[in-house]
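Chemist: this is a predicted model, with the sequence first.
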Amino acid sequence: MQARPARSFSILGWLLESRNGLGILFMLPAAVFLLCFLTYPLGLGVWLGFTDARIGREGIFVGLENYIWLFDDPVFWLSVFNTMLYTVVASVLKFVLGLWLALILNQHLPFKTFFRAIILLPWVVPTVLSALAFWWIYDSQFSIISYVLMNLGVISEPINFLGDPNTARASVIAANVWRGIPFVAISLLAGLQTIPQSLNEAAALDGATSWQRFTKITLPLLTPIIAVVMTFSVLFTFTDFQLIYVLTRGGPVNATHLMATLSFQRAIPGGQLGEGAAIAVAMIPFLLAAILFSFFGLQRRKWQQGGGD
């Protein structure tokens, strides 16, 4: 009867004194949190994707029926196209403009600390508030953009930003780019701060142009940061929901429906939990591809440290 307390005491002592044991104790709260709020919902979503569950009743196992039905659903494939277009175009624009802005902020400018703080405002403002602001900017009758262009004589009537499929896609991409540029710019600026200025000064003394210094020194040394930043940017953009839902609800005629918004629409307002879960599960391969991109991109660190590429 007295051996059990001694054994428990020895295990507790090992956890407190051992380096590995102490690490386990520190990771335990995070592991419990992830298990409750990530692993369980993910597992439940995967299971619901194989059932015909609806709101108000439990479903029965139907196998791949939901996925077979989605394979023949043109709205689902339109959402896949919209998601890929939205993610690729927005991520590329955020990277190009964010890198350009980071290079500017890395120069010796007056009040550069103030500008670095101001640039974060689009990122820290809640997404819903940003979406409401853009909803007003894109208003079909009172848009400030249409008002200025009409006064300048560029257009003769207001632009229907959110009422036409093509302009709606461009409008939501522009809103996402505006929100995402600060994250990319500040992250890349932090990476630029780690690059020794002596390398650029030595290259300049050897006659290298600004473009040569950027392509041969700055960009290669910035590659690991770019891999991480762009992976997060792609993940944030691919799973974007709030911005699209507030601005367009997926309209007009499903032109701006992403996989995330379509999954919500089918599962909650539509009541088809199994179908909505199947759409959400279909997003996983794309997310895994982005994570693998990050993993292989980080291998560039070996090159940065003087090892093999």
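Modeler: Structure's in. What do you need?

Chemist: okay, the nearest residue to Y138 once chain neighbours are set aside and G250: tell me how far apart.
Modeler: Distances taken as Cβ to Cβ, 6 or more residues apart in numbering place F161 nearest to Y138, at 3.8 Å, with adjacent residues excluded. All C-beta spots, glycine's among them, are computed from the backbone N, C-alpha and C. Using Cβ to Cβ, to the nearest Å, one obtains 16 Å as the distance from F161 to G250.

Chemist: got it, and A168?
Modeler: With the distance defined as Cβ to Cβ, A168 ends up 10 Å from G250.

Chemist: give me the common contacts of those two.
Modeler: Both A168 and G250 are in contact with T256, where contact means Cβ atoms under 8 Å, 6 or more residues apart in numbering.

Chemist: not counting its neighbours along the chain, what's nearest V229?
Modeler: Taking Cβ to Cβ, 6+ apart, and ignoring the residues beside it in sequence, V229 has S187 as its nearest neighbour in space, at 4.5 Å.

Chemist: low-confidence ranges in this protein?
Modeler: Low-confidence segments of the chain, defined by pLDDT under 70, span residues 1-19, 21, 294-295, 297-309.

Chemist: if I read this right, I155 contacts L149, doesn't it?
Modeler: Yes. Contact status for I155 versus L149: in contact at 4.7 Å, counting by Cβ atoms under 8 Å.

Chemist: run a quick neighbour tally on the residue nearest to V229.
Modeler: The number of residues packed near S187 is 19, by other Cβ atoms under 10 Å.

Chemist: please, which helix or strand holds it?
Modeler: With elements delineated by DSSP states H and E, S187 resides in helix 165-193, which encompasses its position.

Chemist: mind listing what's buried along that helix?
Modeler: By 16 or more other Cβ atoms under 10 Å, the buried positions in helix 165-193 come out as 167-169, 171-189, 191-192.

Chemist: and what of stretch 220-228?
Modeler: Neighbour counts using 16+ other Cβ under 10 Å place L221, L222, T223, P224, I225, I226, A227 of stretch 220-228 among the buried residues.

Chemist: ok, now stretch 46-65?
Modeler: For stretch 46-65, the buried set under the neighbour-count rule, 16+ other Cβ under 10 Å, comprises L48, G49, F50, T51, D52, A53, G59, V62.

Chemist: dump the residue contacts of the nearest residue to the fourth one once chain neighbours are set aside.
Modeler: Nearest non-adjacent residue to T51, counting by Cβ to Cβ, 6+ apart: G59, 3.4 Å away. If a contact means Cβ under 8 Å, 6+ apart, then G59 has L48, T51, D52, A53, L273, G274 as its contacts.

Chemist: make it 10 Å
Modeler: Taking Cβ atoms under 10 Å, 6 or more residues apart in numbering as the definition of contact, the neighbours of G59 are W47, L48, F50, T51, D52, A53, N66, Q272, L273, G274, A277.

Chemist: confirm that it sits in a strand.
Modeler: No. The secondary structure assignment for G59 gives coil rather than a strand, going by DSSP: H, G, I helix; E, B strand; the rest coil.

Chemist: separation between it and I268?
Modeler: With the distance defined as Cβ to Cβ, G59 ends up 15 Å from I268.
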